[in-house]
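S.K.: Kindly return the folded structure for what I paste below:
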Amino acid sequence: MRPTTVQAYRWTRQEFEQLGSTGIFDPEERLELLDGEIFHMTPQSAWHATCIRFLEEVLRRIYQRGYDIRVQMPLAIDARSLPEPDIAVVTGHLLDYQEAHPTTALFVAEVSDSSLAHDKERKLPRYARNGIPDYWIINLSDFCLEVYRNPVGETYQSHTIYHTDDSVSLLTHPAVRIPVADLLPQNS
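M.R.: Sure, this is the predicted structure:
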């Protein structure tokens, strides 16, 4: 039977990984697979990279044993998605993932400037659908932290915006307060 309309081909995670292993993609390209679509990510600004490092330093002080803090590494959340969040915290040790990428995370964060719409409209529904309980967007456009929690379907029931004079805690460590100013570089 012939299709009656033009349809896009949706890649599986396995096909995407096989394409990568053949060398078809330039190793320097930043690509992500979301719901079968391959997205080319723009290069990072220095400001973006600095925010990732700020958050990484904070998380390494909090998550010391029994966790792996993954910076821009794949998260195999479903058969058609392989996002590379700026930071993900997963349970276990880094050697637990030498054969396969983790399939879930306790915490995911994206640093967003030019990628803000992509992180909200494409990534947020995938993270929610796959049960990521704590999703943060460090929003460099509005100079704030957006925290999404309580995933239901393809959305989060809780959305809170924090500014540099606020502090926030992780779901896994509610007693530890993190000053939002520690996550955002000083605007000069």
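
S.K.: Now the most centrally placed residue in the chain: phi and psi?
M.R.: With distances taken as Cα atoms, centre = their mean, Pro85 lies nearest the centre of the chain, 2.6 Å away. Reported as degrees, to the nearest 10, the phi and psi values for Pro85 are phi -60, psi 150.

S.K.: That one: what's its closest spatial neighbour, skipping adjacent residues?
M.R.: Distance criterion Cβ to Cβ, 6 or more residues apart in numbering; nearest residue to Pro85, sequence neighbours excluded, is Val108 at 4.6 Å. No exception for glycine: its C-beta is placed from N, CA and C like everyone else's.

S.K.: Which of the three states applies to that neighbour?
M.R.: strand (DSSP: H, G, I helix; E, B strand; the rest coil).

S.K.: I'd say it and Met73 touch.
M.R.: No. In this structure, Val108 is not within contact of Met73 by Cβ atoms under 8 Å, at 11.4 Å.

S.K.: Looking at those two, which one has more neighbours?
M.R.: The neighbour comparison of Val108 against Met73 (other Cβ atoms under 10 Å) goes to Val108, with 27 against 17.

S.K.: Show me the beta-bridge partners of the more buried one.
M.R.: Ala88, Tyr135 (DSSP bridges).

S.K.: how much space between it and Leu19?
M.R.: 24 Å (Cβ to Cβ, to the nearest Å).

S.K.: For this structure, which segments count as strands?
M.R.: 31-34, 37-40, 67-71, 87-91, 107-112, 134-139, 144-152, 155-162, 167-170, 173-179 (DSSP state E).

S.K.: Show me the common contact partners of Val108 and Met73, please.
M.R.: Common contacts of Val108 and Met73, defined by Cβ atoms under 8 Å, 6 or more residues apart in numbering, comprise Ala88.

S.K.: tell me the contacts of the residue nearest to the centre of the chain?
M.R.: So Pro85 contacts 70, 72, 75, 105, 108-110, 123 (Cβ under 8 Å, 6+ apart).
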